[in-house]
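1. my questions are about this predicted structure, shown below with the sequence.
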Amino acid sequence: MAGSVNKVILVGNLGRDPEIKQLPSGASLANLSIATSETWRDKASGERKEKTEWHRVVVFNEGLVRIVEQYLKKGSKVYLEGALETRKWQDKDGNDKYSTEVVLRNFNASLTMLDGREGGAGAGGGDRGGDSYNQDRAPARNAGPKSKPAGGGRGAQEDFSRGPEFDDEIPF
């Protein structure tokens, strides 16, 4: 195998308010408890069944910690991407304990609020490791003349400033 992948994607709701902690280094982290549910109909009885899984999520990304602290609360619906990590720790009696968590750190992390800010309508933005939230990602528009790149390019130069042209027809 050429490589491996450790990626977790969750869409769920916070089961409690986020817990924000300060590390000795001065950095912050956020602990989240995310519930995901699966529903189905029992074939024998026709009764609707539901199973809820609880996931421990730890956010180390400073930009995402600020978003969690500011906007998320118990019941908030989120989409997140992180990695599965197991850590070993000792309890008060010196016994080894293990915790498996979804960890969001640096640029491998993503967090999107699905129910908007403060419970309002609309979707919130995500963050893929930057320190700001919902940055203006629109390309800058230059009203001046276009400069041609130096060097010998192949093919004709196309003007992409108007955006792509899409065929709106549904293929079925």
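-> Arrived safely, thanks for sending.
2. give me phi/psi at Y71?
-> phi -120, psi -20 (degrees, to the nearest 10).
3. surely it is in contact with L114?
-> No - between Y71 and L114 there is no contact, the gap being 11.7 Å when judged by Cβ atoms under 8 Å. For glycine as for every other residue, the C-beta is placed from the backbone atoms N, C-alpha and C.
4. and those two? which has more neighbours close in?
-> Y71 (18 against 14; other Cβ atoms under 10 Å).
5. relative to F60, how far out is that one?
-> Here Y71 is placed at a distance of 18 Å from F60 (Cβ to Cβ, to the nearest Å).
6. before we move on, what about K74?
-> For K74 relative to F60 (Cβ to Cβ), the value is 22 Å.
7. more crowded one of those two?
-> Per other Cβ under 10 Å, whichever of K74 and F60 has more neighbours is F60, with 17 against 11.
8. how about the more buried one, nearest residue that isn't a chain neighbour?
-> R105 (4.0 Å; Cβ to Cβ, 6 or more residues apart in numbering).
9. for the one you found, give me its contacts.
-> 59-61, 82-83 (Cβ atoms under 8 Å, 6 or more residues apart in numbering).
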